[in-house]
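Asker: need a 3D model of the sequence below.
(chains A and B)
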Amino acid sequence: EAQVTQNPRYLITVTGKKLTVTCSQNMNHEYMSWYRQDPGLGLRQIYYSMNVEVTDKGDVPEGYKVSRKEKRNFPLILESPSPNQTSLYFCASSLRGTDRYYGYTFGSGTRLTVV
Amino acid sequence: QKEVEQNSGPLSVPEGAIASLNCTYSDRGSQSFFWYRQYSGKSPELIMFIYSNGDKEDGRFTAQLNKASQYVSLLIRDSQPSDSATYLCAVNWATGNQFYFGTGTSLTVIP
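Answerer: Now for the predicted structure:
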């Protein structure tokens, strides 16, 4: 089954404790991205990756890191989480053509609470 | 001006009616548009995408794009209670690799 797998689904952590949210896709998509979803603000792009070793900032990258060492994996790293990073996080991947994208497949989401 | 704007709703329609969801966007040249459906507590799922002016139909769903007026809409024919969800509009500009989402429109289909 074609899918994007995120782990964990739920995470409660304390301020300043480094954490990693994993994301893996089995569709051989070049493009992968991380979003956070907050009430009233919608989905906001944190980082995206065009391919292995190619990453770029989205609209809200502060406090986050990513890496793309393999095509299928795109982990999100919070080096020192703060309460304002409490949110619902989604990883997504997309097939990319020569001049357009074909829409995202989203992971199931990670609900992060930082206390 | 926000890149992508949607009326948050809620929009209520009776079962069997046509639901019309609208999205306006900033003009930044060639764009690709996507409609997603998100059930409460779930991840968004792609309904359809549209690149060219005009209509694109897929089952009960029709996307309409009007680049001159800078809007894209989604029509849901024969609405069912299972269509009750939040509908997200997203845009990708050909000049970049970012996607911008609207905040979504909540739809309730009343049996």
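
Asker: please name the nearest non-neighbouring residue to the residue nearest to the spatial centre of chain A.
Answerer: Nearest to the mean C-alpha position of chain A, by CA atoms, centre = their mean, lies A:Trp34 at 2.6 Å. Sequence neighbours aside, A:Ile46 is the residue nearest to A:Trp34 in space, at 4.3 Å (criterion: CB to CB, 6 or more residues apart in numbering or on different chains). In this view, the C-beta of every residue, glycine as well, is placed from N, C-alpha and C.

Asker: from memory the residue nearest to the centre of chain A sits against A:Gln45, does it?
Answerer: Yes: taking CB atoms under 8 Å as the definition, A:Trp34 is a contact partner of A:Gln45 at 7.4 Å.

Asker: overlap in contacts, these two.
Answerer: A:Gly58 (CB atoms under 8 Å, 6 or more residues apart in numbering or on different chains).

Asker: before we move on, back to that, please tell me how far the residue nearest to A:Trp34 sits from A:Gly40.
Answerer: 18 Å (CB to CB, to the nearest Å).

Asker: cool, A:Gly63 as well?
Answerer: Counting by CB to CB - A:Gly63 and A:Gly40 are separated by 20 Å.

Asker: okay, the two: which has more neighbours?
Answerer: Between A:Gly63 and A:Gly40, counted using other CB atoms under 10 Å in any protein chain shown, the more crowded position is A:Gly63 (14 against 6).

Asker: which residues touch B:Asn66?
Answerer: Neighbours of B:Asn66 in contact, by CB under 8 Å, 6+ apart: B:Asn53, B:Val72.

Asker: same deal with the one 10 residues further on?
Answerer: When contacts are counted by CB under 8 Å, 6+ apart, B:Ile76 is found next to B:Ile18, B:Ala19, B:Ser20, B:Leu21, B:Arg60, B:Phe61, B:Asp83, B:Leu107.

Asker: mind listing residues that contact stretch B:50-60?
Answerer: Stretch B:50-60 is touched from outside by A:100, B:32-33, B:47-48, B:62-68, B:72, B:76-78, with contacts defined as CB under 8 Å, 6+ apart.

Asker: narrow these to those that are buried.
Answerer: B:Ser32, B:Phe33, B:Ile47, B:Met48, B:Thr62, B:Ala63, B:Gln64, B:Leu65, B:Lys67, B:Val72, B:Ile76 (16 or more other CB atoms under 10 Å in any protein chain shown).

Asker: quick one: the residues you listed as CSV, columns for pLDDT and secondary structure too.
Answerer: Putting these into CSV (pLDDT from 0 to 100; DSSP: H, G, I helix; E, B strand; the rest coil) gives the following:
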residue, pLDDT, secondary structure
B:Ser32, 89, strand
B:Phe33, 93, strand
B:Ile47, 96, strand
B:Met48, 95, strand
B:Thr62, 98, strand
B:Ala63, 97, strand
B:Gln64, 96, strand
B:Leu65, 93, strand
B:Lys67, 88, coil
B:Val72, 94, strand
B:Ile76, 97, strand
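
Asker: count residues in the vicinity of residue 52, would you?
Answerer: Reading this off chain A. By other CB under 10 Å, 15 other residues sit near A:Val52.

Asker: not quite, I wanted chain B
Answerer: A count of nearby residues for B:Ser52, using other CB under 10 Å, gives 9.

Asker: same check, this time on B:Val13
Answerer: B:Val13 has 17 neighbours, counted by other CB under 10 Å.

Asker: not counting the helix or strand of chain A at the bottom of the mean pLDDT ranking itself, show me its contacts.
Answerer: The weakest-scoring helix or strand in chain A, judged by mean pLDDT, DSSP states H and E, is strand A:101-106 (a mean of 92). The contact list for strand A:101-106 (CB under 8 Å, 6+ apart) reads A:2-4, A:25, A:27, A:29, A:31, A:33, A:90-96, B:32, B:34, B:36, B:43-46, B:48-49, B:90, B:92, B:99.
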